[in-house]
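J.: Fold the following, please.
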Amino acid sequence: MTGMAILPGDAERYRTLFETMDDGFCIIEFFDGPHGPLSDYIHVEANAAYERHAGIRNVVGQKLREMVPDEADGWVELYGAVLHTGKPIRFERELVATGHHLEVHSFRVGPFEDRQVAVLFKDITDRVNAQRAQQELHQTLEARIAEALAEREEVETALRQAQKMEAVGQLTGGLAHDFNNLLAGISGAFEMIGVRLAQGRTGDVERYLAAGQGATRRAAALTHRLLAFSRRQTLSPKPTVVNRLLSDFSELVRRTVGPQIEVQTIAASGLWPALVDANQLENALLNLCINARDAMPDGGTITIETANRWLDERTARDHGLTPGQYVTVCTSDTGTGIDKQTLERVFDPFFTTKPIGEGTGLGLSMVYGFARQSNGHVRIYSEVGQGTMVCIYLPRHRGEEEEDAPILVEPALTTDSDRTVLVIDDEPSVRMLVCDALTDLGYHCLEAGDGPSGLRILESAGRVDMLVTDVGLPGGLNGRQVADAARTMRPGLRVLFITGYAENAVLNHGHIEPGMEVLTKPFAVDELRRRVATLAQPDQPNPQPNR
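T.: Have a look, this model is predicted:
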């Protein structure tokens with residue numbers, strides 16, 4: 001009770017508690033020293049536990065700055081604040097001189113004028129060391145995990161590279177086999193033409209020409225399939241209602257698959273337009289129908305069906321698509337079907353179940369590449385003995401179907417010698433072919449072997465009515481850059497891009513401007529004539545350079 005005197009027995013009891021308590025305890029008294037007022041303190045009381053917790057013996061009577069001169073300022077600051085404010089504090093701090101980590105509770109004893117502060121503390125060195133060890137362990141584990149992840153990434157990278165090289169090996173092996181056969185047919189045809197011309201026997205030349213041209217078309221189809229698989233084929237997508245294609249296409253399929261196969265078409269009413277390259281879609285569907293025919297050696301039925309599909313988020317996720325509206329074109333057969341193990345590999349390039357020499361293994365991979373390049377997808381469903389269905393998903397086009405403009409197949413240009421075409425290609429044989437074909441149409445042709453040379457001609461004051469240019473050109477300027485510069489100087493200049501491997505990114509993924517066309521090598525001379533005729537239609541004035 002406040003104000004009561006402490007009896008001798010009580011004092012003895014408190015002293016016993018003071019000396020036997022487990023925590024360290026001391027009372028310090030501040031005094032003025034060489035470092036300023038109240039800049040040092042002396043230990044006036046300390047219990048036996050002080051030495052055990054702080055690691056300092058016989059502390060009573062010792063001054064702080066004599067005990068731990070290097071740490072004195074920090075301790076004076078802490079306990080001096082308690083003395084001045086009278087507010088108790090709790091903190092953790094290391095007594096560096098002895099290496100003991102202390103958990104401290106400090107409070108003022110009596111009024112400020114007594115200059116005394118009590119300190120109750122305990123040694124927590126073991127706890128701090130355990131925490132440090134745990135932290136170091138965590139850091140070590142994190143480092144080990146990071147190292148393991150790095151090693152895993154390195155292994156996965158090596159695996160991906162190995163898989164890539166295996167695919168390249170399959171690709172080059174398949175290409176070498178097919179192209180060697182095709183080149184043998186082409187070179188043999190040329191040799192026999194030379195022999196017959198030397199013999200003066202021209203009657204057989206037409207037969208050899210037909211054989212060489214057939215092999216050339218097959219080689220072109222093979223490269224187109226490769227480009228479709230790698231998604232580098234140039235597409236010319238237009239708003240198309242696929243039902244419009246079914247009538248003529250079904251007749252083509254019937255002629256291709258033979259009389260043993262019945263071909264049915266089911267056209268959905270109110271089919272939405274899709275933004276798609278109609279020619280490439282037909283090519284993809286023809287590949288699917290040929291596969292279906294081969295799966296029905298004893299005959300059967302091929303069904304080509306269109307539909308509108310609205311995929312919600314869950315269904316789209318299951319199909320690997322983006323939610324939304326799609327137009328589907330499906331081919332199904334009543335053939336032998338595909339087992340599950342084979343079904344997982346059908347889209348791999350050069351994977352085929354057909355005997356050697358009867359298939360390249362590019363049909364379905366081409367279909368897959370075309371669908372993905374068209375921002376769609378392809379799905380296959382099959383069971384052994386139950387037939388196969390392959391569905392191409394094409395995003396719906398929000399707009400009307402685009403009607404084809406009339407094409408002048410035989411342009412009346414043979415008497416117009418004023419029209420000039422600039423032909424840019426780094427391959428002399430291609431320039432010769434194009435220029436000879438256009439000269440037969442009545443054009444005057446200018447030639448350039450690279451982008452800068454062609455651009456210098458376009459910068460001149462001479463007349464140029466049309467630009468026919470390869471896309472991949474040497475000299476630092478590709479065909480698209482030359483065409484863009486030319487149209488800046490000559491607004492409305494007609495441009496026909498010809499390209500060997502369809503640099504789709506350069507051509508803005510098939511989205512080219514009005515007055516431009518794309519022709520993929522190798523091309524037939526008749527197709528070249530048709531494209532030039534299309535571009536030459538007089539719906540715009542002839543472009544001339546700005547003066």
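J.: Spell out, range by range, the helices that occur in the stretch 251-400 of the chain.
T.: 278-294, 313-319, 340-343, 363-373 (DSSP state H, counting those that start in this stretch).
J.: how about those helices, which one is nearest residue 118?
T.: Nearest to residue 118 among the helices of the stretch 251-400 of the chain is helix 313-319 (68.6 Å), distances taken as C-beta to C-beta. To be clear about C-beta, it is placed using only N, CA and C from the backbone, and glycine gets the same treatment.
J.: So which residues lie in contact with the closest one, not counting its own?
T.: Outside helix 313-319, the residues within contact range by C-beta atoms under 8 Å, 6 or more residues apart in numbering are 311, 322, 323, 324, 377, 379, 393.
J.: likewise stretch 106-113?
T.: Taking C-beta under 8 Å, 6+ apart as the rule, stretch 106-113 contacts 27, 78-79, 82-84, 86, 88-90, 116-120.
J.: repeat that with 10 Å
T.: 27-30, 44-45, 78-79, 81-91, 114-121 (C-beta atoms under 10 Å, 6 or more residues apart in numbering).
J.: Would you map out the domains in the protein?
T.: Split into domains by automatic domain parsing, the chain comes to 20-123, 142-229, 238-395, 420-535.
J.: Give me the average confidence score over the second one.
T.: Across domain 142-229, pLDDT averages out at 71.
J.: Then stretch 295-307?
T.: Here the average pLDDT along stretch 295-307 is 91.
J.: And stretch 58-65, by the same measure?
T.: The model assigns stretch 58-65 a mean pLDDT of 93.
J.: can you give me how far it is from the chain middle?
T.: Relative to the mean C-alpha coordinate of its chain, stretch 58-65 is positioned 72 Å out (C-alpha atoms, centre = their mean, to the nearest Å).
J.: first to last residue in it, what's the distance?
T.: In stretch 58-65, first residue to last residue: 16 Å (C-alpha to C-alpha, to the nearest Å).
J.: And the contacts of that stretch?
T.: With C-beta under 10 Å, 6+ apart as the criterion, stretch 58-65 contacts 24, 26-28, 30-31, 33-35, 39-47, 50-51, 56, 67-69, 71-73, 75-76, 79.
J.: Would you convert the helices of the stretch 251-400 of the chain into a markdown table that also reports mean neighbour count?
T.: Compiled in a markdown table, these are given as follows (neighbours: other C-beta atoms under 10 Å):
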| stretch | mean neighbour count |
| --- | --- |
| helix 278-294 | 21 |
| helix 313-319 | 13 |
| helix 340-343 | 11 |
| helix 363-373 | 23 |
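J.: returning to that earlier point: in helices, which of the contacts of stretch 58-65 appear?
T.: Among the contacts of stretch 58-65, DSSP state H puts 50, 51, 67, 72, 73, 75, 76, 79 in helices.
J.: pretty sure the fourth one is touching residue 40, no?
T.: It refers to residue 72. Yes. Residue 72 is in contact with residue 40 according to C-beta atoms under 10 Å; the separation is 7.2 Å.
J.: Quick check: neighbours shared by those two?
T.: 33, 63, 64, 65, 66.
J.: And for residue 150, the neighbour number?
T.: For residue 150, the number of neighbouring residues by other C-beta atoms under 10 Å comes to 10.
J.: circling back to that earlier point, most surrounded residue in the contacts of helix 313-319?
T.: residue 393 (23 neighbours).
J.: and that one, what does it touch?
T.: So residue 393 contacts 274, 309, 311, 316, 319-321, 326-330, 371, 374-379 (C-beta under 10 Å, 6+ apart).
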